[in-house]
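Model the structure of this input:
(one chain, ligands or ions: 1)
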Amino acid sequence: MKHKRELVFVCTGSDCKKAGAKAIRKHLKEDLKSGPLKGQCKLIQTKCMDLCKSAPVVIVGDHFCKKTDAEKVATILKKSLSNKLA
Ligand code: FES
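Numbers count the residues shown, from 1 in each chain. Take a look at the predicted model:
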């Protein structure tokens with residue numbers, strides 16, 4: 001059986017928080033509650049991943065998103081999910 005849910009790791013270390021990880025997490029949470037991504041992803045908060053120079057850091061499946069924002073993460077997430085379902 002193929003697993004169709006995507007795991008999204010959002011770093012909540014201090015540098016990522018300062019760089020906007022909180023806003024990304026909030027945006028994703030809203031999308032996962034009621035948007036088209038509902039039930040297709042699992043949002044996981046992590047501690048510092050030792051990539052602080054690239055903050056904020058988000059991992060979507062096997063994609064590392066460095067110096068990212070909520071829109072980029074949502075785009076990668078949708079792409080990744082459509083690849084999984086195909
Ligand atoms: S605080 Fe996010 S990688 Fe260090």
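
The closest residue to the ligand within the chain and residue 79: what is the separation?
At 2.4 Å from the ligand, residue 13 is the closest residue in the chain, using Cβ to the nearest ligand atom. All C-beta spots, glycine's among them, are computed from the backbone N, C-alpha and C. From residue 13 across to residue 79, the span is 26 Å (Cβ to Cβ, to the nearest Å).

what about these two, which has more around it?
Neighbours around residue 13 and residue 79, counted as other Cβ atoms under 10 Å, are more numerous at residue 13. The numbers are 20 against 13.

Show me the contact partners of the top helix by length along the chain.
Scanning the chain for the helix with the most residues, using DSSP state H, yields helix 70-85. For helix 70-85, the surrounding residues in contact (Cβ atoms under 8 Å, 6 or more residues apart in numbering) are 2, 4, 6, 8, 23-24, 27-28, 31, 36-37, 40-41, 58, 60-61, 63, 65.
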